[in-house]
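S.K.: Fold the following, please.
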Amino acid sequence: MNNFKFHARTDIRFGKEHLKDLPKVLGKYGANVLMVYGGGSIKKIGLYNTIKELLQDFNVVELSGVEPNPKITSVQEGVRLCKEHNIDVVLAVGGGSCIDASKVIAAGAFYEGDPWDLVLDSKKIKKVLPIVTVLTLAATGSEMNKNAVISNMETNEKFGTASQKFIPMVSFLDPSLLYTLPKMQTAAGTADIMSHVFEQYFQENDSAYLSDCLCESIIKTCIKYCPVALNDPEDYEARSNLMWASTLALNGLICAGKGGPWTCHPIEHELSAYFDITHGVGLAIITPSWMRYILSDKTMKRFCNYARNVWGLQGEDSLELAKQGIDKTYEFFLQCGIPMKLREVGITEDSLHTLAKATTRHNNMSSCYVALSTDDVENILKDCY
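M.R.: You can find the predicted model right below:
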């Protein structure tokens with residue numbers, strides 16, 4: 001296993017009834033709260049009114065309309081509100097997009113330049129307002145990690161940034177808040193969780209046995225419970241397992257002893273940057289094609305382990321076994337209702353070369369699990385089309 005540092009500072013409040021503690025949690029930081037949220041879903045399910053009642057003794061400033069792929073323009077507005085109202089703490093109510101935007105807003109509150117600078121260069125992040133989250137979507141794991149991904153639609157750029165200071169102080173995880181999610185959000189969120197695990201599981205280091213077992217268990221949890229949640233949205237067991245899987249998939253635990261550059265996420269970020277598609281859908285489309293493309297004698301053992309330990313497949317022919325595991329992955333996403341071709345989500349065939357070039361221009365794809373050139377990325381995208 002590789003050397004590693006693991007520090008989990010987030011206070012997780014998992015399950016029902018915890019939200020009543022929100023005033024006490026926020027009160028530690030001050031009375032001026034920036035509440036960040038997306039569309040109208042939190043109002044439809046009554047969460048907005050609940051939070052406003054709980055925070056009636058606070059000065060709550062609102063930033064609404066944060067996009068599914070959060071835009072730098074929303075971050076800029078949030079930073080403006082923080083400075084204007086002397087905000088003490090940022091409360092993110094929503095999924096990973098709201099939380100990601102909140103992280104950069106919290107850093108931008110102490111930065112005099114354009115907050116896009118903080119996305120381009122995380123070294124400029126010096127101080128961050130405390131962040132508290134109320135999670136409404138199981139997908140990104142942003143509720144317990146240091147990462148944020150922001151889009152700049154003017155430049156067709158979607159980049160990740162990170163800081164230990166971004167890690168939320170407290171996160172409220174109530175699985176019942178997921179009951180009203182549209183089926184596609186549940187499916188795409190599950191694909192996002194699985195992709196986070198794939199990126200950490202398919203790495204060079206084969207000696208981190210425990211980490212690999214954790215990875216396999218999280219993937220199996222997604223496979224078991226996503227169909228249940230799609231069939232019965234108010235199944236608490238399914239929602240709770242998916243919500244906790246989302247957090248564990250990207251809080252640093254499963255990459256302990258492993259680590260290395262990711263592959264499918266950098267490719268998908270370009271799809272979202274140019275076409276603003278749902279992140280989890282893009283990942284679901286790309287992943288099986290990438291798996292097929294990199295399957296070789298070098299990667300065979302890991303794909304066979306994946307087929308056996310995740311899907312329960314058996315066989316003596318290693319190549320056939322590996323292919324079956326990949327086929328199972330594709331079939332799972334398809335059965336969850338995810339469109340599995342790029343043309344189905346509005347991506348044009350004439351853009352594939354541009355997307356591939358942007359991927360290798362913005363990322364060092366030569367150091368991934370299997371090195372990819374621009375031509376390799378384009379071939380994967382063509383296979384997805």
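
S.K.: C-alpha only now, for contacts and for neighbours.
M.R.: Will do.

S.K.: so who does the residue nearest the centre of the chain touch?
M.R.: Closest to where the C-alpha atoms of the chain average out (Cα atoms, centre = their mean) is residue 140, at 2.4 Å. Residues near residue 140 by Cα atoms under 8 Å, 6 or more residues apart in numbering: 95-96, 189, 192-193, 246-247, 250.

S.K.: Filter these down to the ones in helices?
M.R.: The helices, defined by DSSP state H, take in 96, 189, 192-193, 246-247 from the contacts of residue 140.

S.K.: Can I get those in a markdown table including pLDDT, neighbour count and distance to residue 272?
M.R.: A markdown table is the format used below for the ones in helices among the contacts of residue 140 (pLDDT from 0 to 100; neighbours: other Cα atoms under 10 Å; distance: Cα to Cα, whole Å):
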| residue | pLDDT | neighbour count | distance to residue 272 |
| --- | --- | --- | --- |
| 96 | 97 | 27 | 15 |
| 189 | 98 | 27 | 15 |
| 192 | 98 | 26 | 14 |
| 193 | 98 | 28 | 17 |
| 246 | 98 | 28 | 21 |
| 247 | 98 | 22 | 23 |
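
S.K.: Closest one to residue 34 out of these, please.
M.R.: residue 96 (16.6 Å; Cα to Cα).

S.K.: mind listing what the closest one touches?
M.R.: Residue 96 touches 137, 139-143, counting by Cα under 8 Å, 6+ apart.

S.K.: let's see 7 Å
M.R.: 139-140, 142 (Cα atoms under 7 Å, 6 or more residues apart in numbering).

S.K.: Going by distance to residue 356, which of those residues wins?
M.R.: residue 140 (23.9 Å).

S.K.: Assign the closest one to helix, strand or coil.
M.R.: Judged by DSSP: H, G, I helix; E, B strand; the rest coil, the three-state class of residue 140 is coil.

S.K.: Phi first, then psi, for it.
M.R.: Main-chain dihedrals, residue 140, degrees, to the nearest 10: phi -90, psi -20.

S.K.: Same check on residue 63?
M.R.: Phi and psi for residue 63, reported as degrees, to the nearest 10, are phi -120, psi 110.

S.K.: Excluding chain neighbours, what is closest to residue 343?
M.R.: Among residues not flanking residue 343 along the chain, residue 385 sits closest, at 5.6 Å (Cα to Cα, 6 or more residues apart in numbering).

S.K.: wait, the one you found sits on residue 342?
M.R.: Yes: in this structure residue 385 lies within contact range of residue 342 using Cα atoms under 7 Å: 4.7 Å.

S.K.: residues in contact with the residue of the chain most remote from its centre?
M.R.: What lies farthest from the middle of the chain is residue 316; by Cα atoms, centre = their mean that is 35.9 Å. Applying Cα under 7 Å, 6+ apart to residue 316 gives no contacts.

S.K.: circling back to that earlier point, can you pull the pLDDT of the residue nearest to residue 343?
M.R.: Note on residue 385: pLDDT of 96.

S.K.: For it, give me its contacts.
M.R.: Contacts of residue 385 by Cα under 7 Å, 6+ apart are 341-343.

S.K.: quick one: pLDDT of the residue nearest to residue 368 when sequence neighbours are not counted?
M.R.: Closest residue to residue 368 apart from its sequence neighbours, by Cα to Cα, 6+ apart: residue 261 at 5.1 Å. Per-residue pLDDT puts residue 261 at 95.

S.K.: Let's verify residue 261: helix, strand, or coil?
M.R.: Residue 261 ends up coil, using three-state DSSP.

S.K.: Only alpha carbons, please: show stretch 133-149 as PDB.
M.R.: Written as PDB, here are the backbone C-alpha positions of stretch 133-149 (Å, rounded to 0.1, in the frame of the first residue of the first chain):
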ATOM      1  CA  THR A 133     -24.600  21.200   4.200                       C
ATOM      2  CA  VAL A 134     -28.100  19.700   4.000                       C
ATOM      3  CA  LEU A 135     -27.800  17.000   1.400                       C
ATOM      4  CA  THR A 136     -30.700  16.400  -1.000                       C
ATOM      5  CA  LEU A 137     -29.000  14.100  -3.600                       C
ATOM      6  CA  ALA A 138     -26.800  11.100  -3.400                       C
ATOM      7  CA  ALA A 139     -24.100  11.500  -6.000                       C
ATOM      8  CA  THR A 140     -21.000  13.600  -5.600                       C
ATOM      9  CA  GLY A 141     -19.800  13.000  -2.000                       C
ATOM     10  CA  SER A 142     -19.100  16.700  -1.800                       C
ATOM     11  CA  GLU A 143     -20.700  16.800   1.700                       C
ATOM     12  CA  MET A 144     -17.500  15.200   3.200                       C
ATOM     13  CA  ASN A 145     -14.600  16.100   0.800                       C
ATOM     14  CA  LYS A 146     -12.300  18.800  -0.300                       C
ATOM     15  CA  ASN A 147     -13.300  19.000  -3.900                       C
ATOM     16  CA  ALA A 148     -15.400  21.400  -6.000                       C
ATOM     17  CA  VAL A 149     -16.000  21.500  -9.800                       C
END
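
S.K.: low-scoring stretches of this structure, by residue?
M.R.: Counting by pLDDT under 70, the chain has no low-confidence residues at all.

S.K.: Have a look at it and report its longest helix.
M.R.: helix 209-231.

S.K.: ok, now which ones touch residue 368?
M.R.: 260-263.

S.K.: and what of residue 75?
M.R.: 101, 104-105.

S.K.: Same question for residue 159.
M.R.: With Cα under 7 Å, 6+ apart, residue 159 has these contacts: 119, 149-151.
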